[in-house]
Every structure is written in C-alpha cells, then in structure tokens.
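> Quick check, what structure comes out for this input:
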Amino acid sequence: MPDLAAIVIHCRDPYLLAPFWSMVTGLPVVEDDRAKLADGSLGPTEAVLLRDPSGHRPDVWISPADDLPSSGRIHLDLVGDAEERAAVLAAGATVVRELPRWTVLADPEGNQFCLLPRTEAHADALLPGH
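Numbering: from 1, shown residues only. Okay, the predicted model is just below:
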C-alpha cells in the first residue's frame, strides 16, 4: 500500500489559510514559506508547506487555485477535546452543524471538516460519506 505523503488544500488566499491550518493541525509553516508569508512575497501560484519537524505526519500544502468548487476542495476528520475545539473556533472556524457524534466546521474560506471528540475517534464514528 502507498503511504500518505501530503494533503493539499486548495484556496483563494494562502495568506489567510496557511496560518489557520497551521494552528489547527499543529504543523508549522516551513521557514522559507513563513518568511514569504511575513513579507507578502508569495508568487501567484506558490503553495505554502506545513511540515511536521519529526516527519511522522503527512505534509499539508496550502495551494492557491483559480477555479474552486463550492464544496469538495478538502475534507479532513480531526480529533480534539473541548479546549482544542475552542482554539479552532477562535482561529476563525465556524460551526456548520452539530451531529450526535461529531461537529462539522468550516475554515475561513468555507472548506468543511469534521471534529470528533477523542472518545469517538477510535469508535466506529469514521463512517464513509460523512
């Protein structure tokens, strides 16, 4: 089986979404991209790389795209406790809907993702098509 190497999140504004997804995933922006974000020097098609320094988690690329569908650009399932949920909301996420076993949230550009409580993450909560 192939290993998952990276997740790509297409967006309109990498300056907005790179810091958001860095905070939400806990993956730091790589040094070169952090400098470009700080001085506004990203090229028009240049992606921003979020990378786990230990190399244990997949990379996340925040990549600008001209044509974005209204849904389906990404879908991540994240696991977190109440404090982490509050931090995600404080970073700019919004609640789309509350379900019995998880919450559907949206990032600042409307990409939806799910947040499951830690107790559900190892249960059968990850159902196809949610």
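
> what about the closest residue to residue 6 other than its chain neighbours, distance to residue 28?
Counting by CB to CB, 6 or more residues apart in numbering, residue 59 is the residue found nearest to residue 6 once chain neighbours are left out, at 4.1 Å. (Glycine included, C-beta is placed from N, CA and C.) According to CB to CB, to the nearest Å, residue 59 and residue 28 sit 11 Å apart.

> same question, residue 93
Taking CB to CB, one finds residue 93 at 19 Å from residue 28.

> More neighbours: those two, which one.
Under the neighbour definition other CB atoms under 10 Å, residue 93 and residue 28 were set side by side, and residue 93 has more, 22 against 15.

> Return the residues in contact with that one.
The contact partners of residue 93, by CB atoms under 8 Å, 6 or more residues apart in numbering, come to 20, 24, 105-108.

> repeat that for 10 Å
When contacts are counted by CB atoms under 10 Å, 6 or more residues apart in numbering, residue 93 is found next to 20, 23-24, 85, 87, 103, 105-108, 111-113, 115.

> Equivalent analysis for residue 14, please.
Residue 14 makes contacts with 21, 29, 33, 36-37, 42, 46-48, 61-64, as judged by CB under 10 Å, 6+ apart.

> Can you pick out the ones from these that are in strands?
48, 61-64 (DSSP state E).
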